[in-house]
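> Sequence and predicted structure are below.
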Amino acid sequence: MTNPSIAWVLNLDAEEEYARGRGYTPKQRIHKIARQQARALTGSLIQPEDLIIDARNTNKGVAKGMRGLAWSPTPWAQNQLHEANARVPQPPVFQILQEVNSKLFSQAVETSSPRLKKHLERSVDGILHTLGNSPDRTWFLRRPYGVAGRGRLLMQGEPQSNKELRWLIASIEIAPMVMEPQVHVILEVSTCGWITRQGEVTLAAPCFQEVDKHGSWLRTLPCPEGKLTDLEREHLQTAALDAAGALVDAGYWGPFSVDAFEYESGDGEESWNTLGEINARFTMGWATAFGESAREWLLA
C-alpha cells in the first residue's frame, strides 16, 4: 500500500538559489523560518502525518517510501529529498525554474486583461531618465528575484545617496530591472493553478491575500460570493491562463500562482493589475485555494 504521507523540504529561500545558481546552501536562519512556516501551513499544504526534512538533522533514509516534495524543486531541495530516500517526481530542469520565476519572465507575458504599466530598464542611465522625467512619482525598482520586500528599492526622483546609486549599479550589472509605479493597493488577489507534465492546466478560484506592510504573507482567504464581479473574475482567469500558457511554453510543470491587485491611481480611479508576479512553485495559499482537491494533486 502506498504511503499517503509526504516528506517536505520547505526551501522558502528558493529565490536566493534561483539568483545564485547551483551550489547554493541555505543559512541556518532559513531552517528556523521553515520550521515556523510549517506550523502555519499545517492543516492546508502540510498534514499532521507529513514529515518535514530539516537540514539540521541526519535525514538519511528517513522518508523511505514517502512522496517527496519541495516548496520549489531546486537542486539543493532535491538533494535533501534523495538523501532521505523519498519518492521524488521528476522536476523541470533548474534553468527553467530560474527563468520562469524571474520577474523578467512575468513582465514579458502578454495578456488582454487590465495590467499596470511597468518599465523594463537595462541601464542606470535608463533608470535615471525615467526617475527624472517623473519627479512626483514613486517607483519600485525590482531585481529579478526577491520576495517579501527583498530585492527591491523604493525611489522618487534622483538617487538620494551613494548607497542607492551603488545598489542601482550593482543590480544592473546582474540583469535588467523592472520599474513599477507605486500605487495605493485596495485588494490583493492570487489565482493558483497546477500544470501537469503533459501541459494540462487546472485553475482554482481566486483567493484574497492579506499581507503586512512589508508584503509578507499573513493569510489566504477564499473570495466571498459576490465580492468580485463576473467581469473581474473573467479578467483574472484570462490573465492566469495567459501566465500558465507562458509557463507551459517555457517547459514548466507543477504548482504556480499569479498575483493580482486592485489599486487606486493618482486621480482616484480604481483599476486592476491582473497579472503581477508569477510564482512557479508552491505558495502559502496554494492548498487553501484548491481545498479538498489539493492533496489529490500532491499525491498524484
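Structure received.

> Can you show me the helices along the stretch 51-200 of the chain?
Here the stretch 51-200 of the chain has its helices, by DSSP state H, counting those that start in this stretch, at 75-83, 94-100, 103-108, 124-133, 162-174.

> Make a markdown table from the ones you listed and add mean pLDDT, distance to Leu228 and mean neighbour count to it.
C-beta: built from backbone N, CA, C; applies to glycine. A markdown table is the format used below for those (pLDDT from 0 to 100; distance: least, Cβ to Cβ, whole Å; neighbours: other Cβ atoms under 10 Å):
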| stretch | mean pLDDT | distance to Leu228 | mean neighbour count |
| --- | --- | --- | --- |
| helix 75-83 | 94 | 35 | 19 |
| helix 94-100 | 97 | 26 | 19 |
| helix 103-108 | 95 | 22 | 18 |
| helix 124-133 | 90 | 33 | 15 |
| helix 162-174 | 89 | 36 | 13 |
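
> Throw the ones you listed into a markdown table and include distance to Gly193, thanks.
Formatted as a markdown table, the helices of the stretch 51-200 of the chain follow (distance: least, Cβ to Cβ, whole Å):
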| stretch | distance to Gly193 |
| --- | --- |
| helix 75-83 | 21 |
| helix 94-100 | 13 |
| helix 103-108 | 14 |
| helix 124-133 | 33 |
| helix 162-174 | 29 |
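
> between those, which gets nearest to Leu69?
Among these, the nearest to Leu69 by Cβ to Cβ is helix 75-83 (7.8 Å).

> Can you name the residues in contact with the closest one?
Outside helix 75-83, the residues that touch it by Cβ atoms under 8 Å, 6 or more residues apart in numbering are 7, 9, 11, 14, 17, 22, 24-26, 53, 55, 59-60, 63, 68-71, 88, 91, 94.

> Then stretch 122-137?
By Cβ under 8 Å, 6+ apart, stretch 122-137 touches 119, 121, 139, 141, 155-159, 165, 168-169, 172, 176-177, 179, 181-182.

> Any chance of a PyMOL selection covering the buried ones in those?
The following PyMOL command selects only the buried members of the contacts of stretch 122-137, with burial defined by 16 or more other Cβ atoms under 10 Å:
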select buried, resi 119+121+139+141+155+159+168+172+176+177+179+181
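
> so of the contacts of stretch 122-137, which ones are in strands?
119, 121, 139, 141, 155-156, 177, 179, 181 (DSSP state E).

> So this structure: which segments form each domain?
With domains defined by automatic domain parsing, the chain comprises 6-91, 119-181, 183-299.

> end to end, how far does the first one reach?
Read that as domain 6-91. Start-to-end span of domain 6-91 (Cα to Cα, to the nearest Å) is 16 Å.

> okay, and the helix or strand of this protein with the least pLDDT?
Across the helices and strands of the chain, the lowest-confidence element by mean pLDDT, DSSP states H and E is helix 28-41, at a mean of 78.

> what's that helix in contact with?
8, 10-13, 46, 52, 54-56, 284, 287.

> show me where the protein has strands.
Counting by DSSP E, the chain has these strands, from start to end: 6-9, 51-52, 67-70, 119-121, 138-142, 152-156, 177-181, 184-195, 201-203, 207-211, 217-222, 254-264, 270-273, 278-279.

> among those, which is the most enclosed?
strand 6-9 (a mean of 26; mean count of other Cβ atoms under 10 Å).

> and the gap between Ser123 and Leu247?
Between Ser123 and Leu247 the distance is 29 Å, computed by Cβ to Cβ, to the nearest Å.

> Compare these two (neighbour count), which wins?
Legend: neighbour count by other Cβ atoms under 10 Å for Ser123 and Leu247, higher for Leu247 (26 against 12).

> if we can go back for a sec, just the buried members of the contacts of helix 28-41?
8, 10-13, 46, 52, 54-55, 284, 287.

> Please tabulate the residues you listed in CSV and include distance to Leu221 and pLDDT as additional columns.
Shown next, in CSV, are the buried ones among the contacts of helix 28-41 (distance: Cβ to Cβ, whole Å; pLDDT from 0 to 100):
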residue, distance to Leu221, pLDDT
Trp8, 23, 95
Leu10, 22, 92
Asn11, 26, 91
Leu12, 21, 89
Asp13, 26, 88
Ile46, 19, 93
Ile52, 25, 91
Asp54, 29, 78
Ala55, 32, 70
Met284, 12, 91
Ala287, 13, 95
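
> now the residues you listed in CSV, with distance to Trp253?
Below are the buried ones among the contacts of helix 28-41 laid out as CSV (distance: Cβ to Cβ, whole Å):
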residue, distance to Trp253
Trp8, 19
Leu10, 20
Asn11, 18
Leu12, 21
Asp13, 22
Ile46, 22
Ile52, 24
Asp54, 27
Ala55, 26
Met284, 21
Ala287, 18
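
> Alright, I will stop here.
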